[in-house]
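Colleague: need a structure here:
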Amino acid sequence: MSRRSLSFLALLAAALLIAFFWLQREPQPVATAQEPLLPMLQGKFNEVSAIEVQRPGQPLVRLARKDGAWVVPAKSDYPAAGQPLAELLRALNEARKVEAKTRNPEFHGRLGVAEQGKEDEQAIRVTLERGTGEPVRLLIGKAAPQGRGQMVRLAGDPQVWMVNQSIEMPANELAWLDRRVTVIPFGDIREFDLRHAGGEQLTLFRESKDEPNLKVRQMPQGQRLAYEAVANGMVMPLSRLDFAEAAPLTQVQFKGKPELEFTLATFAGGRLKGAVYAQGGEHWLTLPEREGLSETEVPAKADWTYRLEPYQYQAMAKKLKDLLPEKTP
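Modeller: Residues are numbered from 1 along each chain as shown. Take a look at the predicted model:
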């Protein structure tokens, strides 16, 4: 066989090899017009009656619309946090298909939209229920590698799409709850009267909203505070107090008297009574009475109890000696 024939055969073999790999390759993404990700819900997101979210390795979280408000049924219909819900529904409503990605299930894990496999390969499963019609099921994958966007596919459809919206959700059930207990601006607080279980009383007050710092009514004559604003830290938590956990009072049996009891008064005439109980090494707050305060100022429910973080309790539970200068040896 001549050298020319051998060269021709070598070129032919190389061409066939290239053609083989070309045919076996993953199809390149195809640009599309920016169609809605969920055309069946366009203009109908107000019909969504329930949402289920399941992250890999975590229990399913269900949110439901009840009497015009969103609640978490597994938490005795406690109110859901409004902002993450609104952001999720907005993102899904505005999501547009930017680019078609793989249809090959073997590559779903790379984009975080797999139904099985390693935890970081699996999708977040989201189900949107409506009063009528089949539920819409989505698998939310990884964020787009550059800029804003997300990898998404519809359940039962292998086609993965990159959409133009970042679809973010709380990390667990607790973060789906409306965790606000009190939202009373510090400048509105006129007086905070605190009683410890041992009987010690501490009253913080000011006569005018123009006064930046709270004073101590039980201050011994000739004494001074450690610094002018030291008492402010005791009531600062109540200006935006978020719970660490919540439970209906019917499910909790407190033993003994409360560790703390307090009454808070505002310049506008509002009054809030609370108590903190020790239970199993944790501190739980109850707010059984409120008067002249709006639901925005006190979102907490009177028939629920709220677990405080240690730093929140420690800030509120100070005694007079904690507000005075340290004694030098």
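
Colleague: quick one: buried residues of the helix or strand hosting V276?
Modeller: Here V276, judged by DSSP states H and E, is contained in strand 271-279. Neighbour-count burial for strand 271-279 flags 272-278 (criterion: 16 or more other Cβ atoms under 10 Å). (C-beta placed from N, C-alpha, C; glycine too.)

Colleague: given it, what are its sheet partners and their directions?
Modeller: The strands that strand 271-279 pairs with in its sheet are strand 260-266 (antiparallel), strand 282-291 (antiparallel) (by DSSP bridges).

Colleague: show me which residues of the longest one are buried.
Modeller: Looking back up the chat, that one is strand 282-291. Buried residues in strand 282-291, counted by 16+ other Cβ under 10 Å: 283-287, 290.

Colleague: for stretch 243-263, same thing?
Modeller: Result for stretch 243-263 [16+ other Cβ under 10 Å]: buried residues 243, 246-247, 258-262.

Colleague: ok, now stretch 93-112?
Modeller: Per 16+ other Cβ under 10 Å, stretch 93-112 contains these buried residues: 93, 95, 97-102, 108-112.

Colleague: mind putting these in CSV, distance to I140 included?
Modeller: Formatted as CSV, the buried residues of stretch 93-112 follow (distance: Cβ to Cβ, whole Å):
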residue, distance to I140
N93, 15
A95, 10
K97, 14
V98, 15
E99, 16
A100, 17
K101, 14
T102, 16
H108, 12
G109, 14
R110, 15
L111, 11
G112, 8
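
Colleague: which of these fall in strands?
Modeller: Members of the buried residues of stretch 93-112 lying in strands (criterion: DSSP state E): 97-100.

Colleague: at the geometric centre of this structure, which residue sits there?
Modeller: The C-alpha lying nearest the average C-alpha coordinate of the chain belongs to A175 (Cα atoms, centre = their mean; 3.0 Å).

Colleague: in contact with that residue, which residues?
Modeller: Taking Cβ atoms under 8 Å, 6 or more residues apart in numbering as the criterion, A175 is in contact with 81, 84.

Colleague: could you redo the last one with a cut-off of 10 Å?
Modeller: By Cβ atoms under 10 Å, 6 or more residues apart in numbering, the contact list for A175 reads 61, 81, 84, 169.

Colleague: how about L264?
Modeller: L264 touches 182, 184, 188-194, 204, 235, 238, 270-274, 287, 290, 293, 298, counting by Cβ under 10 Å, 6+ apart.

Colleague: coming back round to it: in JSON lines, list the contacts of A175 along with distance to A123, neighbour count and pLDDT.
Modeller: Compiled in JSON lines, the contacts of A175 are given as follows (distance: Cβ to Cβ, whole Å; neighbours: other Cβ atoms under 10 Å; pLDDT from 0 to 100):
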{"residue": "V61", "distance to A123": "15", "neighbour count": "23", "pLDDT": "97"}
{"residue": "A81", "distance to A123": "23", "neighbour count": "18", "pLDDT": "97"}
{"residue": "P84", "distance to A123": "18", "neighbour count": "15", "pLDDT": "96"}
{"residue": "M169", "distance to A123": "12", "neighbour count": "19", "pLDDT": "95"}
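
Colleague: if we take these, which one ends up nearest to R217?
Modeller: A81 (38.0 Å; Cβ to Cβ).

Colleague: my guess is that closest one meets K75, correct?
Modeller: No: assessed by Cβ atoms under 10 Å, A81 is found out of contact with K75, at 11.7 Å.

Colleague: against L320, how distant is the nearest residue in space to Q34 that is not next to it in sequence?
Modeller: Spatial nearest neighbour of Q34, chain neighbours left out: R96 (3.9 Å); criterion: Cβ to Cβ, 6 or more residues apart in numbering. Computed with Cβ to Cβ, to the nearest Å, the distance linking R96 and L320 is 61 Å.

Colleague: please apply the same query to Q146.
Modeller: Using Cβ to Cβ, Q146 is found at 58 Å from L320.

Colleague: equivalent analysis for L225, please.
Modeller: Distance of L225 to L320, given as Cβ to Cβ: 10 Å.

Colleague: anything in contact with each of these two?
Modeller: Contact criterion Cβ under 10 Å, 6+ apart; residues shared by L225 and L320: 216, 219, 231.

Colleague: for the first one, what are its contacts?
Modeller: By Cβ under 10 Å, 6+ apart, the contact list for V216 reads 202-205, 223, 225, 230-231, 234, 320, 323-324.

Colleague: now, those residues that are in strands?
Modeller: 202-205.

Colleague: and the strand holding V276, how far from the chain's centre?
Modeller: Relative to the chain's own centre, strand 271-279 is displaced by 25 Å; criterion: Cα atoms, centre = their mean, to the nearest Å.

Colleague: next: stretch 195-214.
Modeller: Distance, centroid of stretch 195-214 to centroid of chain: 33 Å (Cα atoms, centre = their mean).

Colleague: what residues sit buried inside it?
Modeller: Using 16+ other Cβ under 10 Å as the test for burial, stretch 195-214 gives 195-196, 202-206, 214.

Colleague: farthest-separated two in those residues?
Modeller: Greatest spacing in the buried residues of stretch 195-214, by Cβ to Cβ: H196 and R206 (21.9 Å).

Colleague: what segments of the stretch 1-150 of the chain are helices?
Modeller: Assigned by DSSP state H, counting those that start in this stretch, the stretch 1-150 of the chain shows helices spanning 3-24, 82-94.
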